[in-house]
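> fold the stuff below for me.
(4 chains)
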Number of protein chains: 2
Amino acid sequence: MGTLTVGEVARESGVSGSAVRFYERQGLIVASRTGGNQRRFDTDAACRIRVARVAQRVGLTVNEIRDLLAALPPDPQLADWQGLHDRLTAEAELRIRDLHAALDDIGSGRRLCDL
Amino acid sequence: MGTLTVGEVARESGVSGSAVRFYERQGLIVASRTGGNQRRFDTDAACRIRVARVAQRVGLTVNEIRDLLAALPPDPQLADWQGLHDRLTAEAELRIRDLHAALDDIGSGRRLCDL
DNA sequence: CTAGGACTTGAACTAATGGTGAAGTCAATG
DNA sequence: CATTGACTTCACCATTAGTTCAAGTCCTAG
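Predicted structure coming up:
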């Protein structure tokens, strides 16, 4: 049973209302509906959005974040959040390795562009 | 005096002909023109494109790469390429630092989302 | 000199990304 | 019961990095 409106989730998560609706369309969060067709969210919605924002900083797209959050059961336990944390950490470290590889290629740039 | 055609630069740099024209429009490379209005490139054009591709892997946009390459004089010397290399390295390291900062925020995620 | 592959332009198109805005509807308060 | 703020949908926007197309022109090998 969701109790939070779009505006409440927006305030709690620090994104705009249109972003909250966008994230629901994209499947990052789930809403139930009132008789008047308004969205109502569970309390973990804001948390999911906060995780999503961090994931965006790591470089994940909204689509990838949807897949990431899909692994999260309804009413997630500590271990579930921990698993997410681990996956995000792995992603960030992967991207760091990619950047280091690019650095190596830059380092060998004299071979690419010797005069 | 440029001597390379679009197709030749494309082959040497490993991008498509339309991409070569795109990069010229964006100011990443410069072309002279034949009497018949065809582009002719200097030999460093392919090199600039290779640098641009690495810069894209680092996460720079084409616009940012244009600015980066704008610092390169015509007929660049080793020190000029070295300067580019240093700037690209700094950019990559900056992005790595951003990722580490994101990792730190993930690490404190229990505070963001505690149950 | 001529055939045909490589080249020219500009605009339209693609496809993903991450939303925003306008016009209209709902709901809770005074 | 009316107002006002929050909500609804769906179309649209802006950016990024090119690709594609048509109709025509150039250039080089034979």
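
> tell me which stretches of chain A form helices.
Secondary structure of chain A, counting by DSSP state H: helices at A:6-13, A:17-25, A:44-58, A:62-70, A:78-107, A:109-112.

> tell me the most buried of the ones you listed?
helix A:44-58 (a mean of 21; mean count of other C-beta atoms under 10 Å in any protein chain shown). Using the backbone N, CA and C atoms, a C-beta is placed for each residue, glycine as well.

> that one close to DNA strand D?
No. Helix A:44-58 lies out of reach of DNA strand D by C-beta under 7 Å from any atom of the strand, never closer than 11.9 Å.

> equivalent analysis for stretch A:7-23, please.
Yes. If you take C-beta under 7 Å from any atom of the strand as the test, stretch A:7-23 does meet DNA strand D, through A:Gly7, A:Glu8, A:Ala10, A:Gly17, A:Ser18, A:Arg21.

> circling back to that earlier point, using JSON lines, lay out the helices of chain A together with distance to DNA strand C and mean pLDDT.
Compiled in JSON lines, these are given as follows (distance: least, C-beta to the nearest atom of the strand, whole Å; pLDDT from 0 to 100):
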{"stretch": "helix A:6-13", "distance to DNA strand C": "9", "mean pLDDT": "94"}
{"stretch": "helix A:17-25", "distance to DNA strand C": "4", "mean pLDDT": "95"}
{"stretch": "helix A:44-58", "distance to DNA strand C": "6", "mean pLDDT": "92"}
{"stretch": "helix A:62-70", "distance to DNA strand C": "3", "mean pLDDT": "93"}
{"stretch": "helix A:78-107", "distance to DNA strand C": "13", "mean pLDDT": "85"}
{"stretch": "helix A:109-112", "distance to DNA strand C": "22", "mean pLDDT": "58"}
